[in-house]
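Engineer: Fold the following for me, if possible:
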Amino acid sequence: MSAAQAMKNTSTPTFCEGIQYVGKTWPDFGKFADSAAIAAGQSAIAAVDDKAAYQTLLGADALRYVTLQMCGSKGSGHPGGFASSAEAHAALMMLGHTNIVTEVGHHAPGFYSSMFLDGSLEEMGISTMNDMMARFRERHGLLGHLSGAIPGLLAPAGPLGQGQHFAMAGALLHRDKLFPVTIGDGGMGEPYVLNSMMHFHTAYPEVTNFLPVLIWNGYSQEHHSMVSLHSNEQMLAYWKGHSFDEVVLVDAKDFDDTNQQGAFVDSSRFSFGQRLAFAKAVLEGMDRAAKSAMSGKLTAFIIKQLKGTGVHTVGAKSHNLYPADTLDAAHIVDGLKRRALPAEAWQIVRDNFSRAGGGPAVKTVVTEFEMALPALKLKMQEFAKGEKAVPATAMGALVAQVGQQDKRYVVTNADGNEASAMKNINDALKIRHPTADPLYNQAPTGQVYEPLNEDACAGLASALALFGSRAIWLSYESFAINGWPIVQTVAQAMAELRRKTPSIVTMFTAGALEQGRNGWTHQRPEIENYFGAMMRNGNSYPLFPCDANAIQAAYEYATNSVNKNMTIIASKSPLPVYMSLAEAKVAVERGAAAIYESKAGTKGTVVFAVTGDMIFLPVFEAKDKLEAAGYRARIVAVVNPRQLYRPTDIAWDTVSQPDNAFMDDDHFNALFDGDVLMAVSGGPSAPLEPVLLRSRAPKRDTVCWKRGETTASPAEIMAFNGITAEFMVNRVNALSK
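Structural biologist: Predicted coordinates:
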């Protein structure tokens with residue numbers, strides 16, 4: 001009998017259409033699978049007993065089967081890593097803990113299989129196995145790594161070393177729920193994974209309702225993992241050395257009755273009885289770990305079994321499928337046949353998974369709902385035009401107000417707010433620290449989170465925003481690159497979300513021009529080119545406020561926005577004020593505004609299009625020299641360059657919460673028309689691309705950052721980079737000939 005006939009001759013549900021192989025009925029199926037262990041109307045198993053263990057194993061094999069067939073349908077994707085986690089994932093489902101995130105993007109096929117089995121993917125039109133195969137790794141389908149667009153999945157997963165931040169953010173915001181995060185041992189060498197959890201636990205000792213689940217399978221994606229030679233004792237000590245009070249380790253080797261060699265074994269090769277024993281041990285261990293985490297102990301769970309357990313091959317060779325690994329390849333066929341479930345088992349798995357946690361994940365997990373936010377009323381300080389004020393400090397006052405009005409608000413900073421002229425934030429919100437010390441603004445309940453690495457700062461702030469709460473990451477521009485990848489990941493996820501969530505807001509101070517004596521280590525504005533490139537994504541906005549009024553407008557604009565990536569770049573030095581608050585708000589929304597224009601001149605009009613704040617000092621000096629030589633000058637502050645692109649330049653219509661408020665041609669030309677256009681930046685030139693693309697000026701040039709050097713003053717570092725009034729005047733004269 002063919003698989004299709006077998007399925008047809010049973011009461012197997014429609015979602016099984018496309019499942020290619022049917023297995024033999026398992027021993028004692030009628031006894032332990034007569035009905036779902038998660039009863040109708042319940043969200044978890046009633047007891048960790050033999051029936052629950054039996055159905056945990058059914059769920060694990062169902063996950064493996066769907067994962068392998070889906071990947072085989074495209075000869076592509078990553079089945080091996082998730083396969084070794086299947087019992088752990090199934091155990092979490094059976095226990096009702098469905099707010100699961102992962103650090104491993106390569107586990108995506110397994111997570112999709114879970115969302116298929118619980119019915120969540122029907123939300124995107126994936127109802128059958130045939131649909132799964134058709135939509136896997138296709139546009140508008142199930143992309144190769146986890147995305148914010150997939151129903152029921154809480155967070156994206158791409159670069160390693162990020163998943164724990166989502167789990168910690170979820171735990172911080174939802175104290176009554178468990179947030180497991182699966183971590184691969186291949187990713188244990190990535191920076192900050194356990195370090196970031198240890199710092200979080202020190203800052204938030206009462207928040208233990210996140211559960212790292214280490215998938216210790218001995219391999220990375222192309223070789224043995226770096227911790228493959230650790231003994232169980234060493235691994236336990238490693239976690240306990242990072243402040244974990246309880247570490248539950250279940251080792252498949254302890255259940256092996258097939259004499260497999262090596263420390264890592266394939267539990268799918270055990271006798272059926274030992275497979276059940278292993279599944280029950282995982283279920284019992286996971287239950288113990290979950291209860292420990294929810295009771296106030298920092299807890300980890302470790303499942304140790306060979307990578308590729310239960311699929312087409314094992315070890316690193318199981319990690320990825322290639323074009324030859326198709327559904328008609330012998331090793332794929334063999335793997336599917338070994339994992340094939342009896343036809344009547346599929347409904348049991350569907351019943352359990354769709355009831356776990358109170359319903360399909362798409363209807364129950366926390367990120368499927370918008371979080372209510374306190375209303376904000378910001379009181380801004382109006383600085384008079386011409387006076388000097390510190391932009392960073394002006395923004396800091398508003399950050400403090402947000403934190404006082406929204407007690408969930410978290411400010412993250414690795415290098416210190418005080419060093420960035422934002423001590424007012426610490427004064428108002430306090431640094432979260434176990435040592436109370438008013439001299440250093442430290443308090444155990446503070447809202448300023450200060451781990452000394454940017455990855456942890458960016459990670460928690462980005463994760464909180466994605467999960468629905470306000471947050472901001474403050475850093476030096478020069479160090480931002482260390483944490484930026486997770487901001488980019490979250491920005492892309494926000495572009496795909498089906499719900500509103502606060503934008504991820506970042507602010508970078510101590511730009512290159514301010515850090516002369518520190519030298520090139522603190523002079524890395526090249527990251528602004530990264531921001532510039534991301535503008536075309538559709539939901540990324542680098543903001544360059546020109547003064548202390550403009551930065552207040554920029555912060556308000558960013559904080560009130562949704563589903564976007566808002567990055568503010570400003571100085572911590574006293575600088576002249578060029579705009580009123582009202583003018584600044586218009587400039588931020590429209591993209592740019594003229595802050596100076598000559599009243600007379602006979603030699604033509606020179607337009608300065610400028611991103612930055614300190615950089616206006618040599619620009620105004622150049623303006624004076626040009627006016628003295630008979631030129632007219634117009635100085636335009638480019639505050640929000642994303643709004644200066646043409647609509648066709650930006651993928652604005654492909655993102656959630658789209659914004660097409662681009663400056664029209666008439667307003668753009670009124671600002672930037674002239675005989676010579678000088679695009680000037682204290683950083684690189686990429687953020688000025690929209691101006692250079694649209695300008696009708698017959699002559700144009702850029703003046704921008706080249707590289708860092710140790711200098712005694714901002715003027716000296718600007719001179720080193722050719723950002724001087726003299727250079728600008730000479731270029732204008734040369735272009736005007």
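Engineer: Show me what the longest helix belonging to the chain is packed against.
Structural biologist: With DSSP state H setting the assignment, residue counts place helix 50-74 as the longest helix in the chain. Helix 50-74 sits against helix 29-32, helix 80-83, helix 86-94, helix 108-117, helix 129-135, helix 272-294, helix 330-339, helix 345-355, with contacts defined as 3 or more Cβ pairs under 8 Å, 6 or more residues apart in numbering; DSSP states H and E. Bear in mind the C-beta positions are built from the backbone N, C-alpha and C, glycine included.
Engineer: what number of residues lie near Asn209?
Structural biologist: 24 (other Cβ atoms under 10 Å).
Engineer: can you name the farthest residue from the center of the chain?
Structural biologist: Thr602 (53.6 Å; Cα atoms, centre = their mean).
Engineer: Now do the phi/psi pair for the residue nearest to that residue when sequence neighbours are not counted.
Structural biologist: Nearest residue to Thr602, sequence neighbours excluded (Cβ to Cβ, 6 or more residues apart in numbering): Gly630, at 5.1 Å. Main-chain dihedrals, Gly630, degrees, to the nearest 10: phi 100, psi 0.
Engineer: tally of neighbours for Gly630?
Structural biologist: So Gly630, with other Cβ under 10 Å, has 11 neighbours.
Engineer: so what's it up against?
Structural biologist: Residues near Gly630 by Cβ atoms under 8 Å, 6 or more residues apart in numbering: Gly601, Thr602, Lys603.
Engineer: tell me the domain ranges of the protein?
Structural biologist: 3-368, 388-736 (automatic domain parsing).
Engineer: Quick one: mean pLDDT over the first one.
Structural biologist: In this model, domain 3-368 carries a mean pLDDT of 94.
Engineer: how many neighbours does the closest residue to Ala570 other than its chain neighbours have?
Structural biologist: Nearest in space to Ala570, with sequence neighbours left out and distances taken as Cβ to Cβ, 6+ apart, is Pro391 at 4.1 Å. Other residues near Pro391 come to 31 when the count uses other Cβ under 10 Å.
Engineer: shouldn't Pro391 be in contact with Ala548?
Structural biologist: Yes. Counting by Cβ atoms under 8 Å, Pro391 does reach Ala548; the two are 4.9 Å apart.
Engineer: element containing the closest residue in space to Gln162 that isn't next to it in sequence, please.
Structural biologist: Of all residues not flanking Gln162 in the chain, Ile486 sits nearest, at 5.1 Å (Cβ to Cβ, 6+ apart). Using DSSP states H and E, Ile486 falls within helix 484-496.
Engineer: ok, residues contacting that helix?
Structural biologist: 147-149, 155-156, 158-159, 162, 165, 455, 458-459, 462-463, 465-466, 473, 501, 503-504, 506, 527, 530, 534, 537-540, 563-565, 654-656.
Engineer: rerun that using 6 Å as the cut-off
Structural biologist: Under the contact criterion Cβ atoms under 6 Å, 6 or more residues apart in numbering, helix 484-496 has outside partners 147-149, 156, 158-159, 162, 458-459, 462, 466, 504, 539-540, 563, 565, 655.
Engineer: What does the pLDDT read for the most centrally placed residue in the chain?
Structural biologist: The residue lying closest to the centre of the chain (Cα atoms, centre = their mean) is Val490, at 3.3 Å. pLDDT recorded at Val490 is 96.
Engineer: Quick check: closest non-adjacent residue to it.
Structural biologist: Ser462 (4.0 Å).
Engineer: Report the mean per-residue pLDDT for the helix or strand the one you found falls within.
Structural biologist: Element membership for Ser462, per DSSP H and E: helix 454-466. Averaged across helix 454-466, the pLDDT comes to 96.
Engineer: which helices and strands sit right next to it?
Structural biologist: When contacts are defined as 3 or more Cβ pairs under 6 Å, 6 or more residues apart in numbering; DSSP states H and E, helix 454-466 sits against helix 163-173, strand 410-413, strand 471-476, helix 484-496.
Engineer: what about 7 Å?
Structural biologist: On a contact count with 3 or more Cβ pairs under 7 Å, 6 or more residues apart in numbering; DSSP states H and E, helix 454-466 meets helix 163-173, helix 193-203, strand 410-413, strand 471-476, helix 484-496, strand 504-509.
Engineer: Quick one, which of these gets closest to Gly285.
Structural biologist: helix 163-173 (18.5 Å; Cβ to Cβ).
Engineer: circling back: including secondary structure, distance to Leu306 and pLDDT, could the contacts of Gly630 go into JSON lines?
Structural biologist: JSON lines is the format used below for the contacts of Gly630 (DSSP: H, G, I helix; E, B strand; the rest coil; distance: Cβ to Cβ, whole Å; pLDDT from 0 to 100):
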{"residue": "Gly601", "secondary structure": "coil", "distance to Leu306": "78", "pLDDT": "88"}
{"residue": "Thr602", "secondary structure": "coil", "distance to Leu306": "82", "pLDDT": "90"}
{"residue": "Lys603", "secondary structure": "coil", "distance to Leu306": "78", "pLDDT": "93"}
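Engineer: was I right about Ser318 contacting Leu306?
Structural biologist: No. Ser318 lies out of contact with Leu306 (Cβ atoms under 7 Å); the separation is 8.8 Å.
Engineer: Could you give the number of residues near Asn733?
Structural biologist: Around Asn733 there are 14 residues (other Cβ under 10 Å).
Engineer: Can you read off the backbone torsions of it?
Structural biologist: Dihedral angles for Asn733 - degrees, to the nearest 10 - are phi -60, psi -40.
Engineer: What about the closest residue to it other than its chain neighbours, how many residues nearby?
Structural biologist: Closest residue in space to Asn733, ignoring its immediate chain neighbours: Ala629 at 7.8 Å, by Cβ to Cβ, 6+ apart. Applying other Cβ under 10 Å, we find 13 residues neighbouring Ala629.
Engineer: pretty sure Pro205 belongs to a helix, no?
Structural biologist: No. Under DSSP: H, G, I helix; E, B strand; the rest coil, Pro205 sits outside any helix and is assigned coil.
Engineer: Tell me the strands beside the helix or strand containing Met678, with direction?
Structural biologist: Assigning secondary structure by DSSP H and E places Met678 in strand 676-681. Using DSSP bridges, the strands paired with strand 676-681 are strand 605-611 (parallel), strand 699-703 (parallel).
Engineer: Let me have these in CSV, extended by mean pLDDT, distance to Glu477 and mean neighbour count.
Structural biologist: As requested, those are arranged in CSV below (pLDDT from 0 to 100; distance: least, Cβ to Cβ, whole Å; neighbours: other Cβ atoms under 10 Å):
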stretch, mean pLDDT, distance to Glu477, mean neighbour count
strand 605-611, 98, 13, 27
strand 699-703, 97, 19, 19
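Engineer: any chance of these in TSV, with distance to Pro438 too?
Structural biologist: TSV is the format used below for the strands paired with strand 676-681 (distance: least, Cβ to Cβ, whole Å):
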stretch	distance to Pro438
strand 605-611	39
strand 699-703	46
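Engineer: To Gly519, which of the ones you listed lies closest?
Structural biologist: Of the strands paired with strand 676-681, the one closest to Gly519 (Cβ to Cβ) turns out to be strand 699-703, at 21.9 Å.
Engineer: Check the offset of that closest one from the chain's centre.
Structural biologist: Centroid displacement of strand 699-703 relative to its chain, using Cα atoms, centre = their mean, to the nearest Å, is 37 Å.
Engineer: what's the following helix or strand after that strand?
Structural biologist: Next element after strand 699-703 (DSSP H and E): helix 714-720.
Engineer: Report the distance from that next one to the chain centre.
Structural biologist: 36 Å.
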